[in-house]
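In: Test case, fold it:
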Amino acid sequence: MKRGVVALLHAGYWAAYLLLLAVVLAALRLPLADSRPFVTSLLAARLGVLAVAPSLVAFYLAYLILFPRLLARRRIGALLAAWAAASTGAAALGTLGTCLAGAGGAACATSGEVAGLMALLAPVAALHAGMALVMRGFVGWYGDLRVKEELARRTREVETALLRARLDPHFLFNTLNNIDVLITRDAAAASAYLNKLCDIMRFVLYEARAETIPLTAELAYIEKYLDLERIRSANPRHVHYAVEGDPAGLRITPMIFIPFIENAFKHAVAARTGNTIDVAVRVDGGRVRFCCANRHRGAHGPALPSGGVGNAVMARRLALLYPDRHALDVSDRDDTYTVRLTVDLA
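Out: Numbers count the residues shown, from 1 in each chain. Next comes the predicted model:
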C-alpha cells in the first residue's frame, strides 16, 4: 500500500476518533457537569493531554513495535502481556501529564482518584492499541496481496515464455526439413504447408501474447500444428483430431492444450498403420473438455514419465490461470498415455 494511502488511513482514523470524542463530551457535559466532580474534572482537562496523548502513545507503540516484533512472529502470549503493559503505561503517562498540568482537578486529589483516572484511560488506550494492530495487519495483508499478485503475474509470464521457447526450435526445424523434402515432390502442397507454418509462427509470436484469445483461434492453431506433424508420417491414420460443439464466443488463455499434444508426439510410438495419437476437444456450453491420448513403447521401450517438469509447469499454470475452474487427469495404462483436461470458461 502506498505511503500516501497509509497516511490518509491514519489521518482518517484520528479524525473519526476526535469527532467521536467531541460527540461523547458534548453528550456528557449537560447532565453530569454539576453533579459528578470526577466527570467535571475530566471535562475540564485539556483534550490533548487527557484523551489524545495516551491514545497516541498506545496506538503507535502497538503499530510500530508490538505488531512487527510480536504479532508478526506469532508470539501471542508476549503480545498480550506487552499490549496490557503498553495500555497501562500510556494511561499512567496520561494521568501523570494531566495531574502535572493541573488539569485533573479533583481527579488528582487522592490516590484513589488517580487510580480512577488511570482506570478510565487504560481501556481507551488498550482499544487504540487493538485498533493499531488491526490497521497494521490490514496494511500488511494488502501489501502481501499485491506482492502475491505480482509474483503470480510474473510466474505466468515466465512459464508462458518457457513454453514458447520449448515449442519453437524442434518443431520449426523438423517442419522446415519436411517441407524442403516435399518441395521436390509436390510444390503446391509444400507451399500450403509453408503458409500453415507461417500462420502458427504468427500465432505464437503475436496472438499468443494476449491474456486470452478466442477458443476458435486456439483450435485452429492446433489443427495447423497437427497438419504439419502429419507430414512426418506416411501413415494417414497416425493422428486423429476431432472437435465437437460450438467454440464461438468463448475465450481461453493461449497455448493451454498444445504442450500436451507436443508431449504426445514426443513419446508416441512410430506405427506404420493404425491410430497412435488421438486428440479430441468437446465444447459443452462454457466448458471445454480436452483429451489427448497416445500409444507409447510401454514395457518394451523406454518408460514414459508420468510426471516431469512439463506436466508440473502446466499444472502450476492451470492452477494460477483457472483456480477451481479446471480438472487435470493424467493416466498411463495399457501402453496408452492419456491427458484429460476440463476447463470452465464461462
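
In: Counting by contacts, list what the longest helix along the chain packs against.
Out: Counting residues, the longest helix found in the chain (DSSP state H) is helix 111-185. On a contact count with 3 or more CB pairs under 8 Å, 6 or more residues apart in numbering; DSSP states H and E, helix 111-185 meets helix 3-32, helix 37-44, helix 53-61, helix 76-100, helix 187-205, helix 215-230, helix 258-267, helix 309-321. (Glycine included, C-beta is placed from N, CA and C.)

In: weakest of the ones you listed by average pLDDT?
Out: Of all the helices and strands packed on helix 111-185, helix 37-44 carries the lowest average pLDDT, namely a mean of 48.

In: May I see the buried residues of stretch 241-261?
Out: 241, 243, 247, 250-261 (16 or more other CB atoms under 10 Å).

In: related to what we said a few turns ago, give me whichever of the helices and strands packed on helix 111-185 is most buried.
Out: helix 53-61 (a mean of 23; mean count of other CB atoms under 10 Å).

In: on contacts alone, who are the packing partners of that one?
Out: In terms of contacts (3+ CB pairs under 8 Å, 6+ apart), helix 53-61 is packed against helix 76-100, helix 111-185.

In: I'd say Ala78 and Leu70 touch.
Out: Yes: applying CB atoms under 8 Å, one finds Ala78 in contact with Leu70, separated by 5.2 Å.

In: Surely Pro254 forms part of a strand?
Out: No: when classified by DSSP: H, G, I helix; E, B strand; the rest coil, Pro254 is found to be coil rather than part of a strand.

In: Out of the buried residues of stretch 241-261, which comes closest to Ala188?
Out: Closest approach to Ala188 among these (CB to CB): Tyr241, at 22.7 Å.

In: just the buried residues of stretch 241-261 now: which is nearest Pro323?
Out: So of those, ranked by how close each gets to Pro323 (CB to CB), first place is Thr253, at 12.6 Å.

In: Contacts only, for the closest one.
Out: Contact analysis of Thr253 by CB atoms under 8 Å, 6 or more residues apart in numbering lists 211-213, 321-322.

In: what's it sitting at in phi/psi?
Out: Backbone dihedrals for Thr253, given as degrees, to the nearest 10, come out at phi -70, psi 130.

In: And for Gly285?
Out: According to degrees, to the nearest 10, the main-chain angles of Gly285 amount to phi 70, psi -120.

In: Distance of it relative to Leu219?
Out: Taking CB to CB, to the nearest Å as the measure, Gly285 falls 16 Å from Leu219.

In: Please apply the same query to Arg295.
Out: Counting by CB to CB, the gap from Arg295 to Leu219 is 24 Å.

In: Can you spell out the domain ranges of this protein, please?
Out: Structural domains assigned to the chain are 3-100+109-163, 169-297+308-344, following the TED database.

In: Val343: what's it in contact with?
Out: Val343 makes contact with 252, 256, 287-288, 290, 318, 322, 325-326, according to CB under 8 Å, 6+ apart.

In: same check, this time on Tyr225
Out: Residues in contact with Tyr225, defined by CB under 8 Å, 6+ apart, are 171, 200, 258, 261.

In: Distance check, it against Ala27.
Out: Distance check for Tyr225 against Ala27: by CB to CB, it reads 76 Å.

In: Arg295 bridge partners, please.
Out: According to DSSP bridges, Thr336 are recorded as the beta-bridge partners of Arg295.
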